[in-house]
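Participant: only geometry, no sequence info:
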Ligand SMILES: C[C@](O)(CO)[C@H](O)COP(=O)(O)OP(=O)(O)OC[C@H]1O[C@@H](n2ccc(N)nc2=O)[C@H](O)[C@@H]1O
Ligand SMILES: Nc1ncnc2c1ncn2[C@@H]1O[C@H](COP(=O)(O)OP(=O)(O)OP(=O)(O)O)[C@@H](O)[C@H]1O
């Protein structure tokens, strides 16, 4: 009999604000942001195999398997742990790519945490987060699994407890490349550092928004539309926009008023990642 499949969520994240405070010598930007997870995302299914091979189904359009962050994360864990095991991985993709909601990073984190569990390779979350950082700046928060105040390039994480509102997320009809926004001359890179207390009192901005809105008329127009119903914000470097609501019904009401041609979803904010909530339930 074959071993049971391990199925785990790879949730989306939102950046509730995003200030860019500087630029390091290696070109990466230092920032301050607040990460919260959404109860909505991809699902990954893992089956261990003894021969060390890693397979992924289905392939994502435009992303060869070897470039997929899932395969790269699996190989990284093989190297770091020295295991001889492999895995067949199936991906149910729901999150839009290039949406600023961290789909690829979350897939990578779920692969690191899931295979570490399945292979019994025994790395700590701290070690997995460090491995994950080499795949992308957003991977560590998904590995750690708690809403967080982030500094550095997003890897210096302080867990925080936030309200857990319902969010309406709107996916404008375009993908944004993170690298392209960070390399734009017009980007503000000198926001003064603030404290969490100051954010709670005065709120914050997304420093990438002016550049994204200037480059993408689709996002500018979607922002104007969503602002008619709520305070519209952008996550990460876009493209996704979001508004917060006290309950699901209020979020659904606004969703129903938006054009049916716009891709949208409603999900609750979570301080504990659905990945970790599920593993904790299974007494990981
Ligand atoms: C904008 C955020 O989503 C906020 O959470 C993240 O900082 C981006 O994280 P990510 O998508 O995991 O980004 P990475 O894959 O690490 O980087 C993509 C590219 O964006 C630029 N980049 C990214 C993060 C950062 N703090 N400074 C940068 O300048 C770099 O040119 C990098 O080559
Ligand atoms: N498993 C994966 N899922 C999605 N994208 C992937 C994956 N593996 C590699 N990629 C590549 O990463 C790019 C960014 O995808 P992703 O969905 O993480 O964007 P994003 O939500 O804007 O990320 P972030 O918020 O971390 O900047 C894709 O365009 C794709 O080329």
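Facilitator: The structure has been received and is ready for your questions. As the structure is a computational prediction, the values presented were derived from the model and not from experiment. Ligands and ions are numbered 1, 2, ... in the order given.
Participant: what secondary structure does the residue of the stretch 1-150 of the chain found nearest ligand 1 sit in?
Facilitator: Of all residues in the stretch 1-150 of the chain, residue 136 sits closest to ligand 1, with a separation of 3.0 Å (Cβ to the nearest ligand atom). From N, CA and C alone the C-beta is placed, and that goes for glycine too. Here residue 136 is coil, with the state taken from DSSP: H, G, I helix; E, B strand; the rest coil.
Participant: please report how far the nearest residue to it once chain neighbours are set aside lies from residue 84.
Facilitator: Excluding the flanking residues, the one nearest residue 136 by Cβ to Cβ, 6 or more residues apart in numbering is residue 105, at 4.8 Å. Remark: distance between residue 105 and residue 84 (Cβ to Cβ, to the nearest Å) = 27 Å.
Participant: who has more neighbours, the two?
Facilitator: Each of residue 105 and residue 84 has its neighbours counted (other Cβ atoms under 10 Å); residue 105 has more, 26 against 10.
Participant: quick one, what contacts that one?
Facilitator: Counting by Cβ atoms under 8 Å, 6 or more residues apart in numbering, residue 105 makes contact with 13, 69, 132, 135-139, 142.
Participant: what separation do you get for it and residue 158?
Facilitator: Residue 105 is 19 Å from residue 158, by Cβ to Cβ.
Participant: next up, the contacts around the residue of the stretch 1-150 of the chain found nearest ligand 2.
Facilitator: Using Cβ to the nearest ligand atom, the closest approach of the stretch 1-150 of the chain to ligand 2 is made by residue 104 at 2.8 Å. By Cβ under 8 Å, 6+ apart, the residues touching residue 104 are 69, 97, 136.
Participant: the first one - how many residues pack around it?
Facilitator: When neighbours are counted by other Cβ under 10 Å, residue 69 registers 22.
Participant: do I have it right that it meets residue 136?
Facilitator: Yes - counting by Cβ atoms under 8 Å, residue 69 does reach residue 136; the two are 7.0 Å apart.
Participant: give me the common contacts of the two.
Facilitator: 104-105, 108.
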